[in-house]
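*Asks:* give me coordinates for this.
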Amino acid sequence: MAKQLELPGDEVLEEAAECLRVMAHPVRLKMVNILMQGEFAVHEIAELCRTSANQTCEHLRLLKGHGLLSSERRGRTVYYRIMSPRLPRLIECIAAHCES
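*Replies:* The predicted structure follows:
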């Protein structure tokens, strides 16, 4: 007699795998950690991450394209913030399991 297992649905697993794939970059992890502390302009994020404005924009566009961040333009400056309520929990989980 086979034991009945409770497993997440395939759609949930696909979504989780995609989120993990997108987050699987040290710069993007750092950006999300920064944004967990509030809203920041692209140039501020670039400076804190020590990346070029172009690299920063590419990372932010990817995160936004997957629904993890939102942005708002004010004049010539674009500000980013966390949009996904699940993202801070993911970062906290990673930090808890990866600290030495």
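*Asks:* in what helix or strand does the residue positioned nearest the centre of the chain lie?
*Replies:* Relative to the mean C-alpha position of the chain, the nearest C-alpha, by Cα atoms, centre = their mean, is the one of residue 32, at 5.0 Å. Following DSSP states H and E, one finds residue 32 within helix 26-35.
*Asks:* list the contacts of the helix or strand just after that helix.
*Replies:* Reading on from helix 26-35 to the C-terminus, the next helix or strand found by DSSP H and E is strand 40-41. With Cβ atoms under 8 Å, 6 or more residues apart in numbering as the test, strand 40-41 has contacts from 34, 48, 77, 78, 79, 80. Yep, even glycine has a C-beta here, placed from its N, CA and C like the rest.
*Asks:* now the element after strand 40-41, going C-ward?
*Replies:* Using DSSP H and E, the first helix or strand after strand 40-41 is helix 42-49.
*Asks:* so which bits of that next one are buried?
*Replies:* 42, 45, 46, 49 (16 or more other Cβ atoms under 10 Å).
*Asks:* nearest to residue 21, of these?
*Replies:* Closest approach between the buried residues of helix 42-49 and residue 21, by Cβ to Cβ: residue 49, at 19.7 Å.
*Asks:* ok, that closest one to residue 99 distance?
*Replies:* Going from residue 49 to residue 99 by Cβ to Cβ, to the nearest Å gives 20 Å.
*Asks:* with adjacent residues omitted, what lies nearest to residue 42?
*Replies:* residue 78 (5.2 Å; Cβ to Cβ, 6 or more residues apart in numbering).
*Asks:* A strand includes the one you found, no?
*Replies:* Yes - according to DSSP: H, G, I helix; E, B strand; the rest coil, residue 78 belongs to a strand.
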